[in-house]
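> Generate coordinates for the sequence data below:
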Amino acid sequence: MINGHRWAALIKSQLLLLAISSTWVINAQIESRSEWESELYAEHPLVGRIWDSASAEFIDVNKLTTAIERASYLLLGEKHDNPDHHSLQQEILSFLIKRDRVAGVAFEMMDSDAQSLLDEIESENFASLEELKNYLGWDEEGWNWSYYGPLVNLAYAARIPIAAANINNETMQQVYVESSVSEVIDVLDERTMQRLNIDIDESHCGLLPDSQFPAMVRVQQTRDYAMANSLRRADKDTTSLLFAGNYHIRQDLGVPNYLMARDSSLTRGQIVALSFMEVDEEIDDPSEYLQQFGAVKAFDFIWFTPAISDEDYCASLR
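Numbers count the residues shown, from 1 in each chain. Coordinates of the predicted model:
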């Protein structure tokens, strides 16, 4: 017999699932935006527009929806602290759940230490997002739960497999001091590796000693390799989703390359990299946001949003 406390928890859990189900109905379609939580550069001419890098033109939400539904793998990029990126991600996840298309979801924000908990999550009943957060031992200092909790909860409520996509600290330390395996280091060609080195230097404000470059590159590659392997293999009727920072989802440098190395039958066209990207006050040309250096475009689509901050993170380090 279920005691009173347990019974109350189950009722609360069902109410929570009902509320989420209502959200799915509301979000049956992905919608354009006219209001934003982030406010910086909200009047920028690119804000709210969607850029298709293949056709080099702006498209509407319906065309984006068609591309998303055809994808075997959908990689949703973000700037981690921008709330608009996460609310748009929620709309897309709700949309695909409603169509019963989601094979699984993976999150950069959880590392392999959390996978055992995720494997057992379907047997749990949570009365609130707070209970779900506590169960996962969520790193709220690193990742704002108010952004990611609703995404995790959508997948949990729909009984969709959830994967921890990142490597844990122990693995990171091991990769930092040891050579990577060929499955990781041989995926990118020499020119792409040179670009990866340049970008890692810039992301560390040009302060990284040359001696640290090989280790940092190994870590970056290993993380992308792990993210690719965390994604469930999808078929023509389902889509596997990854939530990660914009750099990880890049077609030219990131996870897509490791997905194709894992599956020789997979083509780049089956992978959709959708970047949610903040506008730059001084850049009106959408093609400049691709930061393209070769034939492969970094992102298939860019959905432009206002910025959350214009802080120069490197200024305080110089």
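
> What residues does the residue nearest to Y247 when sequence neighbours are not counted make contact with?
Leaving aside its chain neighbours, Y247 sits nearest to G254 (6.5 Å; criterion: Cβ to Cβ, 6 or more residues apart in numbering). All C-beta spots, glycine's among them, are computed from the backbone N, C-alpha and C. By Cβ atoms under 8 Å, 6 or more residues apart in numbering, the contact set of G254 is D224, Y247, H248, A273.

> Filter those residues down to the ones in helices?
Residues of the contacts of G254 located in helices (DSSP state H): D224.

> do you know how far the residue nearest to Y247 is from D60?
G254 is 27 Å from D60, where distance means Cβ to Cβ, to the nearest Å.

> so what's the residue nearest to the spatial centre of the chain up against?
Centroid-nearest residue in the chain, with Cα atoms, centre = their mean: F243, separated by 1.9 Å. Counting by Cβ under 8 Å, 6+ apart, F243 makes contact with L76, E78, Q89, V105, A106, F107, E108, M109, Y148, L151.

> circling back to that earlier point, which one among the contacts of G254 gets closest to E281?
For the contacts of G254, the residue nearest E281 by Cβ to Cβ is Y247; the value is 21.1 Å.

> returning to what we had before: pull up the gap between the residue nearest to the centre of the chain and S287, please.
In terms of Cβ to Cβ, F243 sits 25 Å off from S287.

> and what of E43?
For E43, the distance to S287 - Cβ to Cβ - is 21 Å.

> same check, this time on C205
C205 is 26 Å from S287, by Cβ to Cβ.

> And for Q89?
Taking Cβ to Cβ, one finds Q89 at 24 Å from S287.

> Out of these two, name the residue with the larger neighbour count.
More crowded of Q89 and S287, by other Cβ atoms under 10 Å: Q89, with 22 against 13.

> Which parts of the stretch 1-150 of the chain are strands?
With DSSP state E, counting those that start in this stretch as the criterion, the stretch 1-150 of the chain has strands at 50-52, 57-59, 73-76, 102-111.

> What mean pLDDT does the second one get?
Just to be clear, that refers to strand 57-59. The average pLDDT within strand 57-59 is 98.

> That strand: partners in the sheet, and parallel or antiparallel?
strand 50-52 (antiparallel) (DSSP bridges).

> neighbouring contacts of the strand it pairs with?
57-61, 63-64, 286-287, 289, 300-304.

> which ones among those residues are found in helices?
Reading helices off the contacts of strand 50-52 with DSSP H, I get V61, K63, L64.

> top of the residues you listed by neighbour count?
Going by other Cβ under 10 Å, L64 tops the ones in helices among the contacts of strand 50-52 with 19 neighbours.

> Is the nearest residue to R195 once chain neighbours are set aside in a helix, a strand, or coil?
Distances taken as Cβ to Cβ, 6+ apart place F293 nearest to R195, at 5.3 Å, with adjacent residues excluded. Following DSSP: H, G, I helix; E, B strand; the rest coil, F293 is assigned to coil.

> Does F293 touch M193 like I think?
No: in this structure, F293 is not within contact of M193 by Cβ atoms under 8 Å, at 11.9 Å.

> Next, find the distance separating L290 from A157.
35 Å.

> ugh, typo on my part, it should be Q173
Counting by Cβ to Cβ, the gap from Q173 to A157 is 36 Å.

> Those two - which one has more neighbours?
A157 (20 against 12).

> Check the more buried one and give its pLDDT.
At A157, pLDDT is 97.

> Check the one 5 residues further on too.
What the model reports as pLDDT for I162 is 98.

> Is it bridged to anything, and to what?
V105.

> In this structure it contacts L154, no?
No: counting by Cβ under 8 Å, I162 sits too far from L154 to count as a contact (10.1 Å).

> picking that back up, so which of the contacts of G254 belong to strands?
In strands, judged by DSSP state E, the following of those are found: A273.

> What is the helix or strand encompassing N197 packed up against?
In this assignment (DSSP states H and E), N197 forms part of helix 190-203. Packing partners of helix 190-203 (3 or more Cβ pairs under 8 Å, 6 or more residues apart in numbering; DSSP states H and E): helix 213-230.

> tell me how far whichever helix or strand V184 is part of is from the chain's mean position?
Element membership for V184, per DSSP H and E: helix 182-185. Distance, stretch centre to chain centre, for helix 182-185: 23 Å (Cα atoms, centre = their mean, to the nearest Å).

> now swap in stretch 69-83 and tell me
Distance, centroid of stretch 69-83 to centroid of chain: 5 Å (Cα atoms, centre = their mean).
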